[in-house]
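Student: coords please:
(chains A and B)
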Amino acid sequence: MLRRLVGIALAVIGAFALGGIALHRHEPINSLWIIVASICIYALGYRFYAAWIAARVFTVDASRATPAERLNNGRDFMPTHRWIVFGHHFSAIAGPGPLVGPTLAAQFGYLPGTLWILIGSVLGGCVQDMTILFLSTRRDGRSLGQMARDELGPFGGFAALVGTLLIMIILIAVLGLVVVNAMKGSPWATFSVFATIPIAIAIGLYVRNVRPGRVLEASLIGMVLLLLGVAGGGWVDQSAGLRGLFDFSGPALAGFVIGYGWLAAIIPVWLLLAPRGYLSTFLKLGVIALLAIAIVVIHPQLKMPALTQFAHSGAGPIFAGKIFPFVFITIACGAVSGFHALVSSGTTPKLISNEADVRLVGYGSMALESFVAIMAVIAATLLDPGVYFAINTGAGVVGSTAQQAVATISSWGFPVTVDQMQQLAHAMGERTLFARTGGAPSLAVGMASIFGSTFGRGLLAAWYHFALMFEAVFILTTIDAGTRVGRFMLQDFLGYVWKPLGRTSWYPSVILTSAAIVAGWGYFLYIGVIDPNGGVNILWPLFGISNQMLAAIALSVATGILIKSGKARYAWVTGGPLAWLAIVTSVAAWQKIMSPDPALGFFAGAAELSRKLASGALSPARAAVAPKLIFNQQLDAWLTVIFTVILWLVIVDMLRVCLRSVRGLPTQESSEAPYQITQLEAAGGEP
Amino acid sequence: MTVLRMLWQWLRAVSGDDAYERYLAHHAQAHAGEPPLARRAFLRAEEERKWRGINRCC
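Tutor: Here you go, the predicted structure:
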């Protein structure tokens, strides 16, 4: 009875908050409406939809022994309390994606991103994560690729593998670009980000040699050092002699990031990768909690309109394309992220002590990540729209001088002045904030103003650089962990060609395959850095398309398994999000390939640039990089073709398997592990 | 107080601070009689294992 009352109360409050959002359409809205509406929607989704899926669709059986119990080895397989698994899973899935995507999508206004984040997560992303986690838990913790091979056939498995490798390369490139753009021409940011590397190494040595395994105290020491690093950056920035040492151009920083990625992949994990992982987990949980508290305390007004003209015109300065399909491509992480399927079928299912926990761990973690994306929307849209566009738009779009930029942006109806931008840059301890593309600087300005008004305005510049360092730590963790995983996958492939290449401890192979992976993402990173439009406008949609493709593969595997196991009447639970993603991704891919608009279509963009180059309309500096940009746009177009082909081949393969199953023809046998009764005392597992 | 202690235990578990203790507990139960790995040896093997798969996301 009480539970029912809570449910009704949630529904009423949620409806009230949504109504508040709907009625405030032409005046500034307070972010509290959005926060309340979001929390109610997540709570309703969790309380009703997730519970229904667990009970009816999965028929979760609390008496069934999980792989953690059956295969317990005290290490990766180990029954773990659900809140601890929740913590592990959340810190694995939450990366920089839900911070960057919503920031970029704010060019459409606050409403499209917010609605997609809420609806997409509750009906799509959370369901995907929970379903894959459940299916993998029933299959001894097998990976998505293995499940695709076992249940659909060798083709599905191969597609999942290729898709994962490609998305990894695009993901690392775009994140590298974000971090390079955040450090470019900013000695303070560069110093505090560079400082994280020796700090991580020191923590690594501490955990290995000084006090083995004392991760928590090492992380606390590391946090203090990171804060000192940010303070030190401010000091370096003030010192005339030192600041030049940390003042780099984009290509130079790209070189550093590429070299760093390669080194991090070949040196032992304990030295850099593991300690950076500890630090980023801490920073992540701490900053997210702090941000949530601060947003609730100050609940700022959102200055961005609900919808901007770019939603309909498709001529957005940050990325081209109309609201459909591009808001759904730009915001992948935070709504539906295919990458999560890899974590949900990786380390997490091996820790689940009871099947019933998949609801909290799978659905709950994704709802929390989605809430992080909502906070990113708030941080982006509390800025003056003029300021937001000035920070996020590349010089190639608005002009390279400050006067040109403010004139162009003000002409869109978002007034901003050079003075305003200079004052803001000064307050944030930067020389300029014009054309700081990639999303990280504008998010940091938003976070700094939130933290600043909650915890003290005097430290605005320090908060700004703390926020940048926080994002960079996230991103560098993804870069080095991703490069390493990519290397393992490549070695796995090459092992079939020549055995020794597959040995993960044979140094020549380690160096070679790491270099190959780094070269892959390094190329896209370099091109993004030299692109006068900022590069993010090209790379982020490509990342979105690849991430949604991976989500579609995961949902295909899930739908196929549901139908094969005789639950065709519930197939819409995963089939619905799958259909939506297939439509969105295909339309976006079609436009990116075929659109005659040079800002939108890759081929059209390449043709337009070739024409300008041939007619001599480009400045010498632009003419020098033009051939590389032309080749890159063509390459991106072909990559998009590959993603779309993989996507549809997997869907067709899944439909083929389903059709056979419905007709009663033989299909691959289910790989579900047989039932075994649990011996664990508490159904919730040991604490 | 209990809330603080629970939070502390949660932090230890999520950060991996108590990994060796958990391993010892498991070992004592499942492989009683055999000597367990020393702390250092266990942690080395553990770090190598942990960073082999995908455990970080976008």
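Student: low-confidence stretches in chain A?
Tutor: A:1, A:25, A:456-457, A:682-687 (pLDDT under 70).
Student: middle-most residue in it, spatially?
Tutor: When CA atoms, centre = their mean is applied to chain A, the residue found nearest the centroid is residue A:97 (2.2 Å).
Student: ok, that residue - contacts?
Tutor: Applying CB atoms under 8 Å, 6 or more residues apart in numbering or on different chains, one finds that residue A:97 lies in contact with A:332, A:333, A:334, A:337, A:339, A:547, B:57, B:58. C-beta coordinates here come from the backbone N, C-alpha and C atoms, glycine included.
Student: go again using 10 Å as the cut-off
Tutor: The contact partners of residue A:97, by CB atoms under 10 Å, 6 or more residues apart in numbering or on different chains, come to A:171, A:174-175, A:331-334, A:337, A:339-340, A:369, A:372-373, A:376, A:474-475, A:478, A:543-544, A:547, B:57-58.
Student: what does residue A:114 give?
Tutor: Counted by CB under 10 Å, 6+ apart, residue A:114 has contacts A:21, A:34, A:37-38, A:102, A:105-106, A:302, A:306, A:331, A:373-374, A:377-378, A:381.
Student: next step: those residues restricted to helices.
Tutor: Residues of those located in helices (DSSP state H): A:21, A:34, A:37, A:38, A:102, A:105, A:373, A:374, A:377, A:378, A:381.
Student: wait, which of those is closest to chain B?
Tutor: Out of these, the one with the shortest distance to chain B is residue A:373. That distance is 11.8 Å, counting by CB to the nearest CB.
Student: thinking the closest one is in contact with residue A:116, fair?
Tutor: Yes - in this structure, residue A:373 sits in contact with residue A:116. The criterion is CB atoms under 10 Å, and the distance is 9.5 Å.
Student: which of the two has more neighbours?
Tutor: Comparing residue A:373 with residue A:116 by neighbour count (other CB atoms under 10 Å in any protein chain shown), the higher total belongs to residue A:373, at 32 against 25.
Student: Three-state assignment for the nearest residue to residue A:216 once chain neighbours are set aside, please.
Tutor: Spatially, and ignoring its direct neighbours in sequence, residue A:216 is nearest to residue B:17 (4.0 Å; CB to CB, 6 or more residues apart in numbering or on different chains). The assignment at residue B:17 comes out as coil when based on DSSP: H, G, I helix; E, B strand; the rest coil.
Student: what residues are up against residue B:17?
Tutor: For residue B:17, the contact set (CB under 10 Å, 6+ apart) comprises A:207, A:213, A:214, A:215, A:216, A:217, A:218, A:219, A:278, B:8, B:9, B:11.
Student: most neighbours, which of those residues?
Tutor: Of all the contacts of residue B:17, the most densely surrounded is residue A:215 (28 neighbours; neighbours counted as other CB under 10 Å).
Student: if we can go back for a sec, relative to residue A:127, how far out is the residue nearest to the centre of chain A?
Tutor: As for residue A:97, its distance to residue A:127 is 18 Å (criterion: CB to CB, to the nearest Å).
Student: and residue A:76, by the same measure?
Tutor: When distances are taken as CB to CB, residue A:76 and residue A:127 turn out to be 26 Å apart.
Student: and those two? Which one has more around it.
Tutor: Remark: of residue A:76 and residue A:127, residue A:127 carries more neighbours, 26 against 19, as counted by other CB under 10 Å.
Student: just checking, that one touches residue A:46?
Tutor: No - applying CB under 10 Å as the test, residue A:127 and residue A:46 come out as separate, 11.3 Å apart.
Student: shared neighbours, those two?
Tutor: Where contact means CB under 10 Å, 6+ apart, the residues bridging residue A:127 and residue A:46 through contact with each are residue A:363.
Student: show me the contacts for the residue positioned nearest the centre of chain B.
Tutor: Among the residues of chain B, residue B:19 comes closest to the average C-alpha position under CA atoms, centre = their mean, at 1.2 Å. By CB under 10 Å, 6+ apart, the contact list for residue B:19 reads A:74-75, A:78, A:213, A:215, B:12-13, B:39, B:42-43, B:46-47, B:50.
Student: in CSV: these, plus distance to residue A:532 and secondary structure.
Tutor: Converted to CSV, the contacts of residue B:19 look like this (distance: CB to CB, whole Å; DSSP: H, G, I helix; E, B strand; the rest coil):
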residue, distance to residue A:532, secondary structure
A:74, 55, coil
A:75, 50, coil
A:78, 52, coil
A:213, 49, coil
A:215, 44, helix
B:12, 49, helix
B:13, 49, helix
B:39, 54, helix
B:42, 53, helix
B:43, 49, helix
B:46, 47, helix
B:47, 43, helix
B:50, 42, helix
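Student: apply the buried test to those residues and list what passes.
Tutor: Neighbour-count burial within these applies to A:74, A:75, A:78, A:213, A:215, B:12, B:13, B:42, B:43, B:46, B:47, B:50; the criterion is 16 or more other CB atoms under 10 Å in any protein chain shown.
Student: what is the least confident helix or strand in chain B?
Tutor: Ranked by mean pLDDT, DSSP states H and E, the weakest helix or strand in chain B is helix B:39-50, scoring a mean of 86.
Student: what helices or strands is that helix leaning on?
Tutor: Where contact means 3 or more CB pairs under 10 Å, 6 or more residues apart in numbering or on different chains; DSSP states H and E, helix B:39-50 is packed against helix A:273-298, helix B:19-30.
Student: if we go by neighbour counts, what in the longest one is buried?
Tutor: Right, helix A:273-298. For helix A:273-298, the buried set under the neighbour-count rule, 16+ other CB under 10 Å, comprises A:273-285, A:287-288, A:290-292, A:294-295, A:298.
Student: kindly report the same for the last one.
Tutor: Using 16+ other CB under 10 Å as the test for burial, helix B:19-30 gives B:19, B:20, B:22, B:23, B:24, B:26, B:27.
Student: nearest to residue A:5, of the residues you listed?
Tutor: Of all those, the one sitting nearest residue A:5 is residue B:22; the distance, using CB to CB, is 39.9 Å.
Student: who's in contact with that closest one?
Tutor: Listed by CB under 10 Å, 6+ apart, the contact set of residue B:22 reads A:74, A:75, A:78, A:80, A:686, B:12, B:13, B:16.
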